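>>> My questions concern the predicted model and sequence given below.
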Amino acid sequence: MDMYITDLPGVGKKISFINAENQLMAIIIHHTGKRELFFFKDADDDEAVFSFRLSSEDTKQVATQLLGATFSPEENEKLKKINMVRKQVVVEWIDLAKHSPIVGLKVSELKQRLPRGASIIGVFRNDDFVVDFETDLLLEINDTLMVVGQKDALVEVEQMCAGKGN
């Protein structure tokens with residue numbers, strides 16, 4: 001959504017919102033506190049399809065409802081499952097320390113050492129991010145690993161990369 005704010009000398013401000021369908025909603029906020037909403041079918045239209053006047057108090061009530069104060073749509077089952085997984089799975093960027101036993105290993109060797117519940121999904125080296133890496137890629141000091149997994153497994157990986165773990 002695009003938003004534009006324009007000064008209206010002697011009147012107040014105009015805030016315009018253009019959505020993905022190129023529809024325009026404009027809010028005129030007068031110095032007196034009065035608000036006017038204008039709805040346009042197309043952002044390039046000169047004539048509003050509909051307009052609506054609101055007091056300052058009306059505006060606050062509408063804003064409160066838009067923020068979901070009294071009603072929030074029910075999430076569908078798929079979204080609930082995704083949210084549940086997001087709470088359990090974490091993505092971490094882990095730097096390889098100078099003393100790390102991981103330095104000099106091939107990615108394939110690291111994969112064998114990773115705790116259950118953790119997977120390496122990328123290596124950031126210099127200015128390159130490699131996600132489609134060869135399993136014989138040698139890990140170097142200052143590489144940053146992108147690892148996904150359960151929180152406790154990632155703690156183990158962080159310790160390994162810092163030279164404190166297995």
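Cool, the structure landed. Everything numeric in this text was worked out from a predicted model, so none of it was measured.

>>> Which SSE is immediately downstream of the worst-scoring helix or strand of the chain on mean pLDDT?
Of all helical and strand segments in the chain, the minimum by mean pLDDT, DSSP states H and E falls on helix 77-88, at a mean of 71. Later in the chain than helix 77-88, the nearest helix or strand by DSSP states H and E is strand 89-95.

>>> Helix or strand next in line after that following strand, which one?
Strand 89-95 is succeeded, C-terminally, by helix 107-113 (DSSP H and E).

>>> residues making contact with that following helix?
By C-beta atoms under 8 Å, 6 or more residues apart in numbering, the residues outside helix 107-113 that reach it are 102, 105, 119-120, 123, 133-137, 139, 160, 166. Any C-beta I mention is one placed from the backbone N, CA and C, and that applies to glycine too.

>>> In helices only, show me the residues you listed.
Using DSSP state H, the members of the contacts of helix 107-113 that fall in helices are M160.

>>> Going through the contacts of helix 107-113, which ones are buried?
I102, L105, I120, V123, L137, L139, M160 (16 or more other C-beta atoms under 10 Å).

>>> Closest one of those residues to A43?
For the buried ones among the contacts of helix 107-113, the closest approach to A43 (C-beta to C-beta) belongs to V123, at 44.2 Å.
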